[in-house]
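>>> Give the three-dimensional model of this entry:
(chains A, B, C and D)
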2 protein chains.
Amino acid sequence: MRRELTSKGRATRERIIEGAAAVLREKGVAFTTLEDVMARTHTSKGQLFHYFPEGKDELLVAVARLEADRVLEDQQPYLGSLDSWEAWERWRDVVIERYEAQGDSCPLGSLFQQVGRSTPGARAVVVEMTRRWQESLAAGVRALQAAGRLPADVDVDRRAAALLAAIQGGVSILLSTGRSAHLRAALDQGLADLRRAGDGPA
Amino acid sequence: MRRELTSKGRATRERIIEGAAAVLREKGVAFTTLEDVMARTHTSKGQLFHYFPEGKDELLVAVARLEADRVLEDQQPYLGSLDSWEAWERWRDVVIERYEAQGDSCPLGSLFQQVGRSTPGARAVVVEMTRRWQESLAAGVRALQAAGRLPADVDVDRRAAALLAAIQGGVSILLSTGRSAHLRAALDQGLADLRRAGDGPA
DNA sequence: CGTAAAGTGGACCCGACAGTCCATTCAACG
DNA sequence: CGTTGAATGGACTGTCGGGTCCACTTTACG
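Take a look at the predicted model:
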């Protein structure tokens, strides 16, 4: 089903996705039109539909995929070695800083919220993304266990799921209220509790 | 600025808001048109703009306000007396059940996500709603303290904020993936941790 | 070269939908 | 009653924006 693309073609396609991602980050899914993307990427309607025959939805999915990869890749340096409490705290700071910097435009949050329900394939991207992110967190928890800083009976998956939910919830609230207090609280509390699971009883 | 409304007028206004809320719950903000609302409520364009001169946005804010009240009112029986662990668990079950039943249509979530950013007054509604909800949770935590089931040095506000974020995050993930596992995990874990803060060190 | 396929530009179409306007009906009240 | 303002109905407008189409240009390749 994939058309052949020359190197020029691939470049243009890339440019469109990147540009669309930028526009989406600035204006949000709801207020972004194809014309916006065209203006930003110096392309024409023809090209847009040449590279994304299914139209807007297909483009959005492509952007979602890009942003998803980017978010994870972005955190990889921190997510990759969560084997000490200091590492976890550094990670937490990065997450908070990142989202505060973005202010109230979350490339993924809004994208998922809006696109996730409309198209069928889009939801798959979201599910996959969630799975990968949670898996990274779970790996971090396991690293703590391996390092002997956390007892073996901690429910790793539940912890990871709860942490992911904490981030999402904090971001969600940040997006709609403009305040990051909840994100902070959720992560601080989540980490503190995880830590207590180590020091505490058990 | 408020026009005089006869009793008939007030009834119609109510009917419009209720009907709009129903439609929004079913179709989501993005896909709901004024025509949908008109059809559902047996009203005409004229009436819509008669009662909501600012147009769609004003109507959406009205609905958001209604739904916000409804959600809190709905949980009040449980939120109101969170002075035992059993009460907290009952509350958690109700929350999960409620959201699972709604499936992937959250009257508030999507409403806030979409409306919250567009209009200025809408954001205020969201902030207010967040504040009230968190306050209810905080009251519950304090009730636990008062009942001697939780040490006094627990950071009540942080706990409440984290719990709220957990709910929001869980719901957010439920909405975009269709799975409630994260909501469950977040609430279970949050409660377990709160409980441990009571039994545990300290 | 030449020709076929990929790439590019943009005019055009059309449905959807928010919002306007006015004519008509209804109800309160002196 | 009659008149005034609220309540209602719905035709109409304008715009926005996704999607189609086709003419034209560039690139790949024998």
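>>> Return the nearest residue of chain A with respect to chain B.
Of all residues in chain A, the one sitting closest to chain B is A:Gly169 (2.7 Å; Cβ to the nearest Cβ). (Glycine included, C-beta is placed from N, CA and C.)
>>> gap between that residue and DNA strand D?
Computed as Cβ to the nearest atom of the strand, to the nearest Å, the A:Gly169 to DNA strand D distance reads 30 Å.
>>> Next, the contact list for that residue, please.
Going by Cβ atoms under 8 Å, 6 or more residues apart in numbering or on different chains, A:Gly169 touches A:182, A:186, B:164-172, B:186.
>>> Find me the pLDDT at it, would you?
Here the pLDDT value assigned to A:Gly169 is 94.
>>> same deal with the one 10 residues further on?
Taken from the predicted model, the pLDDT recorded for A:Arg179 is 91.
>>> Name the member of the contacts of A:Gly169 with the most neighbours.
Counting neighbours by other Cβ atoms under 10 Å in any protein chain shown, B:Ala165 comes out on top of the contacts of A:Gly169 with 33 neighbours.
>>> tell me which element that residue falls in.
According to DSSP states H and E, B:Ala165 maps onto helix B:156-177.
>>> Show me chain A divided up by domain.
A:1-53, A:63-199 (automatic domain parsing).
>>> Backbone dihedrals for A:Ser84, both of them.
phi -140, psi 160 (degrees, to the nearest 10).
>>> That one: neighbouring residues, count only.
Residues near A:Ser84, counting by other Cβ under 10 Å, number 13.
>>> My understanding was that it contacts A:Ala147; is that so?
Yes - taking contacts as Cβ atoms under 8 Å, A:Ser84 lies within contact range of A:Ala147: 6.7 Å.
>>> Give me the below-cutoff pLDDT ranges for chain A.
Applying pLDDT under 70 to chain A flags the ranges A:1-3, A:103-107, A:109-110, A:113-118, A:199-202.
>>> where do the helices sit along it?
With helices called from DSSP state H, chain A shows them at A:7-27, A:34-41, A:45-51, A:56-79, A:85-102, A:109-118, A:120-146, A:156-177, A:181-199.
>>> From the contact counts, what lies against the longest one?
Contact analysis of helix A:120-146 by 3 or more Cβ pairs under 8 Å, 6 or more residues apart in numbering or on different chains; DSSP states H and E lists helix A:56-79, helix A:85-102, helix A:109-118, helix A:156-177, helix A:181-199, helix B:156-177 as its packing neighbours.
>>> Dump these to a markdown table, plus distance to B:Ile17.
Below are those laid out as a markdown table (distance: least, Cβ to Cβ, whole Å):
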| stretch | distance to B:Ile17 |
| --- | --- |
| helix A:56-79 | 32 |
| helix A:85-102 | 34 |
| helix A:109-118 | 24 |
| helix A:156-177 | 21 |
| helix A:181-199 | 29 |
| helix B:156-177 | 23 |
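>>> what does chain A put close to DNA strand D?
Taking Cβ under 7 Å from any atom of the strand as the contact definition, chain A meets DNA strand D at A:6-8, A:32-35, A:45-46, A:49, A:55-57.
>>> please redo it, this time with the cut-off set to 6 Å
A:6-8, A:33-35, A:45-46, A:49, A:55-56 (Cβ under 6 Å from any atom of the strand).
>>> Out of the residues you listed, which two are the most distant from each other?
Farthest pair in the residues of chain A next to DNA strand D (Cβ to Cβ) is A:Ser7 and A:Thr33. Separation: 28.9 Å.
>>> from chain A, which residue is nearest to DNA strand D?
In chain A, the residue that lies nearest DNA strand D is A:Gly55 (2.6 Å; Cβ to the nearest atom of the strand).
>>> Quick check: phi and psi at A:Pro151.
Dihedral angles of A:Pro151 (phi, psi; degrees, to the nearest 10) stand at phi -60, psi 160.
>>> re the thing from before, which one, of the helices of chain A, ends up nearest to DNA strand C?
helix A:7-27 (1.7 Å).
>>> for that closest one, packing partners?
Using 3+ Cβ pairs under 8 Å, 6+ apart as the contact test, the elements touching helix A:7-27 are helix A:34-41, helix A:45-51, helix A:56-79.
>>> List the buried residues for that helix?
A:12-13, A:15-17, A:19-25 (16 or more other Cβ atoms under 10 Å in any protein chain shown).
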